[in-house]
Structures are given as C-alpha cells and as structure tokens.
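K.L.:
Sequence and predicted structure are below.
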Amino acid sequence: MPGLIRAAARTAVIAGTATSVSNRVSRRQANRWAQQEYENQQRYTQPAPAPAPAPAPAPAPAPAAAPQQDTIEQLKELGALYQQGILTEQEFAAQKAKILGS
C-alpha cells in the first residue's frame with residue numbers, strides 16, 4: 001500500500017504543478033492580450049494631430065522701377081515728337097495726360 005499512496009501523492013503533486021503552470025501561462029497570456037488591446041485603443045482613440053498651418057503667403061514684391069522708367073521713356077518720346085513738330089500742342093497735352101493717368 002505505501003507504494004500506492006506514494007504513486008497517488010506523486011500524481012497529485014504533478015497534477016497540481018501542471019495546473020499551477022497552466023494557470024500562470026493563462027494569466028500571462030491574458031495580461032499580454034489586455035496590454036495589446038489597451039495599446040490598440042490608445043492608438044485609435046488619440047485625437048488626430050492638428051493639420052499643419054498653411055504657409056504664410058509670400059510678401060508682395062515691391063513695385064519695380066520699370067513702370068516709372070516706362071512712363072519716363074514714353075514722356076521723352078512724346079516730347080521728342082512734339083519738338084519735331086509731329087504732334088500739335090493739343091495732341092501733346094492729351095497724350096501726356098493719358099500717360100500720366102490724370
């Protein structure tokens with residue numbers, strides 16, 4: 001009989017150890033799954049980052065000297081035409097006013 005009790009006790013210890021190990025593995029897996037689920041929820045519930053602000057528009061370029069030069073050149077040509085007698089005084093005055101925009 002002592003051999004039978006010893007075998008039963010050994011079987012009980014082995015079964016208990018197996019159950020304990022199995023429970024530990026199950027808890028560890030459950031914790032890992034819970035952690036993964038938590039991370040997934042955090043990843044998908046975080047608000048989306050704010051869109052980047054639109055770049056500031058480039059400052060308007062300073063007016064070039066070309067329009068003034070163009071006006072001056074037109075007035076010089078107009079004066080030359082008047083000096084040559086090609087334009088009358090009225091035509092000269094009208095064209096000058098047109099060029100100056102007044």
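P.N.:
That came in fine, so what should we check first?
K.L.:
does the residue most central in space within the chain count as helix, strand or coil?
P.N.:
Centroid-nearest residue in the chain, with Cα atoms, centre = their mean: Ala52, separated by 4.0 Å. Under DSSP: H, G, I helix; E, B strand; the rest coil, Ala52 falls in the coil class.
K.L.:
Check the gap between it and Tyr44 for me.
P.N.:
22 Å (Cβ to Cβ, to the nearest Å). C-beta: built from backbone N, CA, C; applies to glycine.
K.L.:
Kindly provide the distance from Leu11 to Thr19.
P.N.:
For the record, residue 11 is Thr, not Leu. Distance from Thr11 to Thr19, by Cβ to Cβ: 12 Å.
K.L.:
Likewise for Pro57?
P.N.:
72 Å.
K.L.:
Longest helix of this structure, counting residues only.
P.N.:
helix 2-45 (DSSP state H).
K.L.:
right, and the helix or strand after that helix?
P.N.:
Sequence-wise, the next helix or strand downstream of helix 2-45 (DSSP states H and E) is helix 66-83.
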